[in-house]
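Peer 1: Sequence first, then the predicted structure:
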Amino acid sequence: MFQAQPYSTRLTFKASDRPEAQEARERLAARYGDAGDDAQIVVALGGDGFMLEMLHETILNQKPIYGMNRGSVGFLMNEYSEDELLARINAAERAVIHPLAMVAIDSRRRHHRALAINEVSMLRQTRQTAKLRISIDGKVRMSELVCDGALVATPAGSTAYNLSAHGPIIPLDARVLALTPISAFRPRRWRGALLPQSARVTFEVLECDKRPVSAVADNYEVRDVVEVHISEDRGSTLSMLFDAGRSLEERVLTEQFSA
């Protein structure tokens, strides 16, 4: 999954709205040139949220993204430096990930499709707890989960919302998905499940009129859903580049030993 690979020196620079990111883009483009649509590498300047935006934008052209942190968290970003950028990119290790495909059916029976790089989340919309029925590959595994919500996370997204919800951190080559409840009330002690990457997960919203639920694929939200289907999209491939010795897999492993 991870390999060092030489790339063309044709770069394009994309920046978030933060002033420091915009200023960095101007300096880097002046120093290294900006090949625009002809570039083979996208250099993303911002935080993790901006990296997700760029990954979604490059799903069709599948251009690798090398991120540098000009945001806040930066778990998916490399350290910012304007020096020896081409050498860093040529020595970088590539992480290849596959997103989740979500099909959400709303109360009007309209179908909404979206891809999620981190996770698909089911979230209650009101003060009422959500009631969800969970099926895996067509078989009901939990007839009723009373909760604030639940999510399915990719290995790459397991250190994001999934970790905050007390879900497990997953090594990128583990070939599993995390199914994690969000503030489960009943069964109170259920901590979720690890599923094979081929699993097809279905959430059915019980009492949907009284207890409305939204489905969120990364930053794409569908409200008043009644049924949501989630599976890994093996046909879509996304690539991120990380400095040598600081691969995404190394970061995920290190996160498991952090305080």
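Peer 2: Noted; the coordinates are in hand.
Peer 1: all strands of the stretch 151-259 of the chain, in order?
Peer 2: Ranges of strands in the stretch 151-259 of the chain, per DSSP state E, counting those that start in this stretch, are 176-182, 193-196, 201-206, 213-217, 220-222, 225-232, 238-242.
Peer 1: mind checking which of those strands is nearest residue 65?
Peer 2: Evaluated with CB to CB, the strands of the stretch 151-259 of the chain place strand 238-242 nearest to residue 65, the distance being 5.5 Å. All C-beta spots, glycine's among them, are computed from the backbone N, C-alpha and C.
Peer 1: Sheet-wise, list the partners of the closest one with their directions.
Peer 2: Under the criterion DSSP bridges, strand 238-242 sits next to strand 65-69 (parallel), strand 93-97 (antiparallel) in its sheet.
Peer 1: following the first one, which helix or strand shows up next?
Peer 2: The reference is to strand 65-69. Remark: after strand 65-69, the chain's next helix or strand is helix 85-90, criterion DSSP states H and E.
Peer 1: same deal with the last one?
Peer 2: Proceeding C-terminally, strand 93-97 gives way to strand 100-106 as the next helix or strand, assigned by DSSP H and E.
Peer 1: Tell me how many other residues surround the nearest residue to residue 185 once chain neighbours are set aside.
Peer 2: Once flanking residues are discounted, residue 185 sits nearest to residue 146: 4.5 Å by CB to CB, 6 or more residues apart in numbering. By other CB atoms under 10 Å, the residues close to residue 146 number 17.
Peer 1: On the three-state scheme, residue 146 is what?
Peer 2: strand (DSSP: H, G, I helix; E, B strand; the rest coil).
Peer 1: and it, bridged to which residues?
Peer 2: Residues in beta-bridge contact with residue 146 (DSSP bridges): residue 131, residue 186.
Peer 1: Let me see the contact set for it.
Peer 2: The contact partners of residue 146, taken as CB atoms under 8 Å, 6 or more residues apart in numbering, are 129, 130, 131, 184, 185, 186.
Peer 1: Same list, the strands of the stretch 151-259 of the chain, but as CSV with mean neighbour count please.
Peer 2: Formatted as CSV, these follow (neighbours: other CB atoms under 10 Å):
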stretch, mean neighbour count
strand 176-182, 24
strand 193-196, 16
strand 201-206, 22
strand 213-217, 25
strand 220-222, 17
strand 225-232, 22
strand 238-242, 22
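Peer 1: Worst mean pLDDT among those?
Peer 2: Per-stretch mean pLDDT for those is lowest at strand 238-242 (a mean of 93).
Peer 1: who's in contact with it?
Peer 2: Residues from elsewhere that reach strand 238-242, judged by CB under 8 Å, 6+ apart: 7, 41, 51, 55, 58-59, 62-67, 76, 78, 89, 92-99, 117, 248, 251.
Peer 1: Can you tell me the closest non-neighbouring residue to residue 113?
Peer 2: Nearest in space to residue 113, with sequence neighbours left out and distances taken as CB to CB, 6+ apart, is residue 103 at 5.5 Å.
Peer 1: The one you found - how many residues pack around it?
Peer 2: 17.
Peer 1: picking that back up, output the strands paired with strand 238-242 as CSV; include the columns distance to residue 214 and mean neighbour count.
Peer 2: Converted to CSV, the strands paired with strand 238-242 look like this (distance: least, CB to CB, whole Å; neighbours: other CB atoms under 10 Å):
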stretch, distance to residue 214, mean neighbour count
strand 65-69, 28, 23
strand 93-97, 25, 19
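Peer 1: Residue 203: which of these is closest?
Peer 2: Here strand 93-97 is closest among these (CB to CB), at 22.6 Å.
Peer 1: Now do that closest one and strand 225-232, the angle between them.
Peer 2: Here strand 93-97 runs at an angle of 140 degrees relative to strand 225-232 (axes from the mean of the first three to the mean of the last three CA atoms, to 10 degrees).
Peer 1: can I assume residue 48 is in contact with residue 73?
Peer 2: Yes: the pair residue 48 / residue 73 is scored as a contact, 4.9 Å apart, by CB atoms under 8 Å.
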